[in-house]
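J.: What shape does this take:
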Amino acid sequence: MIERLPSGNERLDQILNGGLLKNSINLIVGVPGSGKTILSQQFAFHNATVEHPALYLSTLSEPIDKILRFGESLKVFDPEAIREGRVIYEDLGQVLGGDGLDHILETVERYLKESYADPEEGMASIRKRQLSSELGRPEDVAGAALYLASDESKFVMASGLVIDGGMTGAK
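T.: Numbers count the residues shown, from 1 in each chain. This next block holds a predicted model:
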């Protein structure tokens with residue numbers, strides 16, 4: 001059975017068959033104002049623990065200060081979770097703006113290592129769940145995102161695209 005990550009909202013979890021796929025990259029796409037940031041924070045705050053923190057990565061389109069300022073008005077927002085290191089916000093905007101996709105993977109890997117109490121255990125846990133022998137590259141996610149944003153995907157409706165190196169298929 002595939003493990004799911006619940007949102008904490010009963011109706012949403014019913015729609016998502018129990019939540020998002022656990023241990024995978026879930027690409028949340030939509031037009032501005034459609035609720036992508038709110039949905040992401042709902043999952044982050046509901047599931048984050050000190051042992052398994054939520055790492056929230058922002059990009060050029062939404063700087064962290066804007067996300068935090070707006071997030072504070074939400075019921076799910078928990079400043080204590082941020083102080084305790086259960087929810088960690090990092091900004092990829094400068095990396096994307098300066099170095100482009102080439103340095104994203106190493107930046108994300110550094111953030112992941114910093115987020116775990118035992119960085120090697122955290123990275124080993126990620127690698128253990130993969131069927132692929134290598135970590136994904138930024139191009140793996142970028143290619144899928146470009147496809148979804150292109151005219152080639154005009155007939156793709158409500159599709160779940162899992163880009164996880166086989167993690168969801170691993171036992």
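J.: CA only for contacts and neighbour counts going forward, please
T.: Noted.
J.: Tell me how many other residues crowd E3.
T.: By the other C-alpha atoms under 10 Å criterion, the neighbourhood of E3 contains 12 residues.
J.: Give me the number of neighbouring residues for the closest residue to it other than its chain neighbours.
T.: Here the nearest residue to E3 in space, its sequence neighbours aside, is K22; by C-alpha to C-alpha, 6 or more residues apart in numbering that works out to 5.5 Å. The tally of other residues near K22 (other C-alpha under 10 Å) stands at 14.
J.: What confidence value was assigned to K22?
T.: Among the per-residue scores, K22 holds a pLDDT of 84.
J.: was I right about it contacting L5?
T.: Yes - distance between K22 and L5: 5.2 Å, which falls inside the contact criterion (C-alpha atoms under 8 Å).
J.: In this structure, mark out all the strands, start to finish.
T.: With DSSP state E as the definition, the chain shows strands at residue ranges 4-5, 20-21, 54-58, 87-91.
J.: Just tell me which of these ends up closest to E109.
T.: Set against E109 and scored by C-alpha to C-alpha, those come closest in strand 54-58, at 11.1 Å.
J.: Excluding chain neighbours, what is closest to I67?
T.: For I67, ignoring the flanking residues on the chain, the nearest one in space by C-alpha to C-alpha, 6+ apart is T37 at 7.6 Å.
J.: what's the spacing between that neighbour and Q94?
T.: Relative to Q94, T37 is positioned 19 Å away (C-alpha to C-alpha, to the nearest Å).
J.: okay, these two: which has more neighbours?
T.: Just comparing T37 and Q94: by other C-alpha under 10 Å the higher neighbour count belongs to T37, 17 against 12.
J.: I64 reaches E90, doesn't it?
T.: Yes - with contact defined as C-alpha under 8 Å, I64 and E90 form a contacting pair (7.3 Å).
J.: Report the set of residues contacting both of these two.
T.: Residues touching both I64 and E90 (C-alpha atoms under 8 Å, 6 or more residues apart in numbering): S58.
J.: which of these two has more neighbours?
T.: With other C-alpha under 10 Å as the criterion, I64 and E90 differ in neighbour count, and I64 comes out ahead with 20 against 14.
J.: Hmm, N26 is touching L20, no?
T.: Yes - counting by C-alpha under 8 Å, N26 touches L20, with 7.2 Å between them.
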